[in-house]
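[1] sequence? don't have it. structure:
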């Protein structure tokens, strides 16, 4: 079995969650939101609750110093090569200054170093151990796409710097799209059907006996008033950021660390509900379609060499990874760690010419649902994914169903 001409890496940059629609898990100064359950209607309350937690520690601007080895010049364009779209998320972050002087949602040097280390691991796998990629960045070999958040773009820079040791043969371009068209995270802004389902389930999840009782106990231990809206996503975000930077704001939060993470996962699973295929389709179906199209393009002998890439890098978020791992049947019921990557490798058998895929999550081999073994025939892998894959047309049709129902009420 030899490496084929395609490799897709989905990496979740180190750090913490973003704001309303999704958060890139990069080590950032702080973030006030969490998982797939978020929506705009709750952002102000979440911001207030999160700000209360963040105010307990001091975020020194020295954390923003860029490690020299992570520096790598790049340009951001839309998918058509046009100017970088406006980022409403970055605008929102810029309105919040944390104790110590840092703005919310920024990538710290700890996160930069983590992403650089991930890039070095990929270099060892695909440049040094196996001479698959060129040792320097070559735009004819690599396609890069990120969500339009500055910390996510910066995380991508750090990974590329580690992967190619800051060497390049041509311009480094990171592609992105405007927020209302993004499919690299569950897009509650543009998919009303998904937003409606999530809203009801999020409310129901917080009223579940074990979740609500544990949340009450944690809030009381932290001295937070019951009227302050703080959920397990906010608690996990702040706790993880503090731990990564060796900061400590609350002994209670440290004592309940395992409970906080488990309840955040429980809430996410309650909201997503694996048995609700349509919700998972709307969450990650369009992204699975992108992955499927790239795989099929790579194995099609009619594909011109100019359209082939050896490496596809997608900078996504934990809110992408959790439903994605669920659709693949490999979610381990643990919150994705910082700087984690999900990798899909494509191989072709030398004799039979049959194509296979192999999955790795955080460097560990995985056997996706519907596959007989770790080396899975491509057709079986695509067939398993087809239950959740959505073309753009089907995605928009499914997302608009809630609007049609709402207009009749």
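    On my side now, so go ahead. These figures come from a predicted structure and were not determined experimentally.
[2] Show me what the helix or strand hosting residue 313 packs onto, helices and strands only.
    Following DSSP states H and E, one finds residue 313 within strand 311-315. Secondary-structure packing of strand 311-315 (3 or more CB pairs under 8 Å, 6 or more residues apart in numbering; DSSP states H and E): strand 2-12, strand 142-146, helix 150-164, helix 277-299. From N, CA and C alone the C-beta is placed, and that goes for glycine too.
[3] Taking strand 142-146 as reference, get the angle to the last one.
    The reference is to helix 277-299. Angle, helix 277-299 to strand 142-146, by axes from the mean of the first three to the mean of the last three CA atoms, to 10 degrees: 160 degrees.
[4] same check, this time on the third one
    Angle between the axes of helix 150-164 and strand 142-146 is 160 degrees (criterion: the same axes, to 10 degrees).
[5] how near is the nearest residue to residue 373 once chain neighbours are set aside to residue 345?
    Closest residue in space to residue 373, ignoring its immediate chain neighbours: residue 367 at 6.5 Å, by CB to CB, 6 or more residues apart in numbering. Counting by CB to CB, to the nearest Å, the separation of residue 367 from residue 345 is 14 Å.
[6] Of the two, which one has the most company?
    Counted by other CB atoms under 10 Å, residue 367 and residue 345 do not tie: residue 345 has more neighbours, with 19 against 16.
[7] and that one, that one's in a strand?
    Yes. Secondary structure of residue 345 (DSSP: H, G, I helix; E, B strand; the rest coil): part of a strand.
[8] so the residue nearest to residue 373 touches residue 381, yeah?
    No. Taking CB atoms under 8 Å as the definition, residue 367 is not a contact partner of residue 381, at 10.7 Å.
[9] Residue 329 contacts residue 369, doesn't it?
    Yes. In this structure, residue 329 is within contact of residue 369 by CB under 8 Å, at 2.9 Å.
[10] Tell me the residues that contact both of these two, please.
    Common neighbours of residue 329 and residue 369 are listed as residue 384 (criterion: CB atoms under 8 Å, 6 or more residues apart in numbering).
[11] still on that earlier bit, for the residue nearest to residue 373, what are its contacts?
    Residues near residue 367 by CB under 8 Å, 6+ apart: 330, 359, 373-374, 376.
[12] Show me those that map onto strands.
    Among those, DSSP state E puts 359, 376 in strands.
[13] Any stretches of the stretch 201-350 of the chain with poor pLDDT?
    249 (pLDDT under 70).
[14] Check which residues of the helix or strand encompassing residue 379 are buried.
    Using DSSP H and E, residue 379 sits within helix 378-385. For helix 378-385, the neighbour count (16 or more other CB atoms under 10 Å) marks 378, 381-382, 384-385 as buried.
[15] tell me the mean pLDDT over that helix?
    Computed over helix 378-385, the mean pLDDT rounds to 98.
[16] contacting residues around that helix?
    Helix 378-385 has contacts (CB under 8 Å, 6+ apart) with 288, 291-292, 295-296, 299, 327-329, 346, 354-357, 368-372.
[17] neighbours around the closest residue to residue 313 other than its chain neighbours, how many?
    For residue 313, ignoring the flanking residues on the chain, the nearest one in space by CB to CB, 6+ apart is residue 144 at 4.6 Å. Neighbours of residue 144 under the rule other CB under 10 Å: 25.
[18] cool, and residue 276?
    Residues near residue 276, counting by other CB under 10 Å, number 13.
[19] before we move on, what SS does the nearest residue to it once chain neighbours are set aside have?
    Leaving aside its chain neighbours, residue 276 sits nearest to residue 197 (7.4 Å; criterion: CB to CB, 6+ apart). Using three-state DSSP, the structure places residue 197 in helix.
[20] wait, doesn't residue 197 sit right on residue 279?
    Yes. Using CB under 8 Å, residue 197 is in contact with residue 279, at 5.5 Å.
[21] chain center to the strand or helix carrying residue 242, what's the gap?
    Using DSSP H and E, residue 242 sits in helix 232-244. Between the centre of helix 232-244 and the centre of its host chain there is 16 Å, according to CA atoms, centre = their mean, to the nearest Å.
[22] Now that helix: buried residues?
    232-242, 244.
[23] what's the closest of those residues to residue 262?
    Within the buried residues of helix 232-244, proximity to residue 262 (CB to CB) peaks at residue 232, which comes in at 8.7 Å.
[24] residue contacts, residue 263?
    By CB under 8 Å, 6+ apart, residue 263 lies in contact with 210-211, 214-215, 232.
[25] How about it: what's its closest non-neighbour residue?
    In this structure, residue 263 finds its nearest non-sequential neighbour in residue 232, 4.3 Å apart by CB to CB, 6+ apart.
[26] doesn't residue 212 make contact with that neighbour?
    No. Residue 232 is not in contact with residue 212 according to CB under 8 Å; the separation is 10.5 Å.
[27] would JSON lines of the buried residues of helix 232-244 with distance to residue 104 be doable?
    Output for these, formatted as JSON lines (distance: CB to CB, whole Å):
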{"residue": "232", "distance to residue 104": "19"}
{"residue": "233", "distance to residue 104": "15"}
{"residue": "234", "distance to residue 104": "13"}
{"residue": "235", "distance to residue 104": "16"}
{"residue": "236", "distance to residue 104": "16"}
{"residue": "237", "distance to residue 104": "11"}
{"residue": "238", "distance to residue 104": "11"}
{"residue": "239", "distance to residue 104": "16"}
{"residue": "240", "distance to residue 104": "15"}
{"residue": "241", "distance to residue 104": "11"}
{"residue": "242", "distance to residue 104": "14"}
{"residue": "244", "distance to residue 104": "16"}
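[28] Pull the most distant pair out of those.
    Greatest spacing in those, by CB to CB: 232 and 244 (18.0 Å).
[29] Nearest residue to the middle of the chain?
    By CA atoms, centre = their mean, the chain has its centre lying nearest to residue 317, at 1.2 Å.
[30] quick one: residue 218 and residue 255, what's the gap?
    9 Å.
[31] How far off centre is the strand holding residue 313?
    12 Å.
[32] What pairs with that strand, parallel or antiparallel?
    Next to strand 311-315 in the sheet, as set by DSSP bridges, lie strand 2-12 (parallel), strand 142-146 (parallel).
[33] Of those, which shows the lowest average pLDDT?
    Among these, strand 2-12 has the lowest mean pLDDT, at a mean of 40.
[34] Make sure residue 341 is indeed in a helix.
    No. Residue 341: not assigned to a helix; according to three-state DSSP it is strand.
[35] Many thanks, have a good one.
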